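Novice: Sharing a sequence plus its predicted fold:
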Protein chains: 2
Amino acid sequence: MDKNLKRMATMQRMQVTGLHLFYSKGYYNTSVDDVLKELSLSKGAFYYHFDSKEDFFVQIIENLLVRKIYSMLIEPIEGHEHTLDLICSCFENALETAVHNEVDYGFALSNFINEFNGRNAKVMKHLNEILRVWEVNLVSAIQRGKFNGHIDRHVDAEGVAVFLMSSYMGVRTLMVEMTPSARKYRFMSQIRHYFKSLEVKKTTV
Amino acid sequence: MDKNLKRMATMQRMQVTGLHLFYSKGYYNTSVDDVLKELSLSKGAFYYHFDSKEDFFVQIIENLLVRKIYSMLIEPIEGHEHTLDLICSCFENALETAVHNEVDYGFALSNFINEFNGRNAKVMKHLNEILRVWEVNLVSAIQRGKFNGHIDRHVDAEGVAVFLMSSYMGVRTLMVEMTPSARKYRFMSQIRHYFKSLEVKKTTV
DNA sequence: TTGTTAACCGACCAGGCGGTCTATGAGGTA
DNA sequence: TACCTCATAGACCGCCTGGTCGGTTAACAA
């Protein structure tokens, strides 16, 4: 048990450092030695715990990336209050975090999708699974909104979900260079404008 | 002159092949030899025409990528008709091209931005310049629409431009895997819905 | 005390990388 | 024929990469 704890701690340290480096420098552009140098560990330690660099990365996805995205983009919109407000403040918070990074490298998930697409089907399967979960949760949030009477019943939930995911992923790329906070502000204004057009039309007069 | 023509032709061939490989496999994941193998040329030929791999890529950006994006996303919206319709069909065409690729690797510009961000400032400068031109043209297109009376005068042109660029870049990433044509359809529906909310309000009754 | 084993070390390997350099031949010029 | 330049060839270099492997250490069990 105590043994197992040490094992887990070392693996965790490697994975945290690995995610940080893969995110900021890219997977193919980061060597195993880069990760080990950061931690003053050796090749032996690495290949004792992981089968390969790819296996290492898949475990990072499952243990760290999935949770990160879940807690940042999925869990916050699971409430039962006004759905669109939830999504709005969820995006607002996620973007604000990005603005506060002294250096921002974009949305980790979409960076990795770009990097692995067409080059590594196995890793892509894991990344796509995260996208799928995100999409499903967005769709059900919007349907909840329609059910609760906040969102117009003619709205296409799947369409809105795709549109929201697209725009979020895109704005994160757009924010990496030049005036991220201004772009965040403009983006959020337009999202709110778009959301207003999804609400039930108050039958005035 | 004839000599110069041959020189240009060889350089062009290298650049076309280079863009294709860099786009599909990534810059860092494509070696100079990969490009040369494709053309049955040697290292000598390559370094006779280009100073370095980086110089090669910068020339590809300036000679090929800029033009490609200009002809696909900028020039089509420069007309003076109903602006939002122009943008709509421009996006429609650009996405349709992507759907028809048997294998799609996303939006080249945003892929490269992801790959070079924080790693190569010089290349990033060139990529950002393309983004800037795109943004400027979108903004002026929208302002034209406001001037022509098609777009509500309260609309924030810069905001709409950022939002459009974001969503386009994002949906291209989202389309690389799984049901691109369905996602394209849903995306375009929402774009049209969003555009409707930007039009001048017809004062009914 | 002795043996076992989990955790880690680091030298080593084959292959690939960007880039250099000398050689070579084709085509024009004198 | 002799010469010169442009365009290309391909061997070579030093460096880095993912991955292997025999050795070492410390904790614990007998």
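Specialist: Received the coordinates, thanks.
Novice: ok and the residue in chain A nearest DNA strand D?
Specialist: A:Ser31 (3.0 Å; Cβ to the nearest atom of the strand). (Each C-beta comes from the backbone N, C-alpha and C, glycine too.)
Novice: tell me the contacts of the residue nearest the centre of chain A?
Specialist: With distances taken as Cα atoms, centre = their mean, A:Ile69 lies nearest the centre of chain A, 4.0 Å away. Residues in contact with A:Ile69 (Cβ atoms under 8 Å, 6 or more residues apart in numbering or on different chains) are A:109, A:130, A:134.
Novice: any chance of those residues in JSON lines, with pLDDT and neighbour count too?
Specialist: Formatted as JSON lines, these follow (pLDDT from 0 to 100; neighbours: other Cβ atoms under 10 Å in any protein chain shown):
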{"residue": "A:Leu109", "pLDDT": "98", "neighbour count": "21"}
{"residue": "A:Ile130", "pLDDT": "98", "neighbour count": "21"}
{"residue": "A:Trp134", "pLDDT": "98", "neighbour count": "20"}
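Novice: from those, which is closest to DNA strand C?
Specialist: A:Leu109 (26.9 Å).
Novice: Hmm, A:Arg132 and the closest one touching each other?
Specialist: No. Counting by Cβ atoms under 8 Å, A:Leu109 sits too far from A:Arg132 to count as a contact (11.8 Å).
Novice: Give me the distance between A:Val139 and chain B.
Specialist: Using Cβ to the nearest Cβ, to the nearest Å, A:Val139 is found at 11 Å from chain B.
Novice: Got the confidence number for that residue?
Specialist: For A:Val139, the model assigns a pLDDT of 98.
Novice: how much space between it and A:Gly118?
Specialist: To A:Gly118, A:Val139 is 27 Å away according to Cβ to Cβ, to the nearest Å.
Novice: Could you do A:Ile69 as well?
Specialist: Taking Cβ to Cβ, one finds A:Ile69 at 22 Å from A:Gly118.
Novice: go on, A:Met178?
Specialist: 29 Å.
Novice: Between these two, tell me which one has more neighbours.
Specialist: A:Gly118 (16 against 13; other Cβ atoms under 10 Å in any protein chain shown).
Novice: So for that one, what's the pLDDT?
Specialist: pLDDT, A:Gly118: 90.
Novice: Now do the SS call for it.
Specialist: coil (DSSP: H, G, I helix; E, B strand; the rest coil).
Novice: in terms of contact, does it touch B:Asn101 like I think?
Specialist: No. Between A:Gly118 and B:Asn101 there is no contact under Cβ under 8 Å: 10.7 Å.
Novice: The closest residue to DNA strand C within chain A - how many residues pack around it?
Specialist: Distances between chain A and DNA strand C by Cβ to the nearest atom of the strand are smallest at A:Gly44, namely 1.7 Å. A count of nearby residues for A:Gly44, using other Cβ under 10 Å, gives 9.
Novice: now it: how far from B:Leu39?
Specialist: 43 Å.
Novice: need the residues of chain A near DNA strand D, please.
Specialist: Counting by Cβ under 7 Å from any atom of the strand, chain A comes close to DNA strand D at A:2, A:30-34, A:43-44, A:47, A:52-54.
Novice: Output the residues you listed in JSON lines; the columns should cover pLDDT, distance to A:Gly170 and secondary structure.
Specialist: Shown next, in JSON lines, are those (pLDDT from 0 to 100; distance: Cβ to Cβ, whole Å; DSSP: H, G, I helix; E, B strand; the rest coil):
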{"residue": "A:Asp2", "pLDDT": "52", "distance to A:Gly170": "48", "secondary structure": "helix"}
{"residue": "A:Thr30", "pLDDT": "97", "distance to A:Gly170": "25", "secondary structure": "coil"}
{"residue": "A:Ser31", "pLDDT": "98", "distance to A:Gly170": "30", "secondary structure": "coil"}
{"residue": "A:Val32", "pLDDT": "98", "distance to A:Gly170": "32", "secondary structure": "helix"}
{"residue": "A:Asp33", "pLDDT": "97", "distance to A:Gly170": "34", "secondary structure": "helix"}
{"residue": "A:Asp34", "pLDDT": "98", "distance to A:Gly170": "29", "secondary structure": "helix"}
{"residue": "A:Lys43", "pLDDT": "97", "distance to A:Gly170": "39", "secondary structure": "helix"}
{"residue": "A:Gly44", "pLDDT": "96", "distance to A:Gly170": "43", "secondary structure": "helix"}
{"residue": "A:Tyr47", "pLDDT": "98", "distance to A:Gly170": "38", "secondary structure": "helix"}
{"residue": "A:Ser52", "pLDDT": "98", "distance to A:Gly170": "33", "secondary structure": "coil"}
{"residue": "A:Lys53", "pLDDT": "98", "distance to A:Gly170": "29", "secondary structure": "helix"}
{"residue": "A:Glu54", "pLDDT": "98", "distance to A:Gly170": "28", "secondary structure": "helix"}
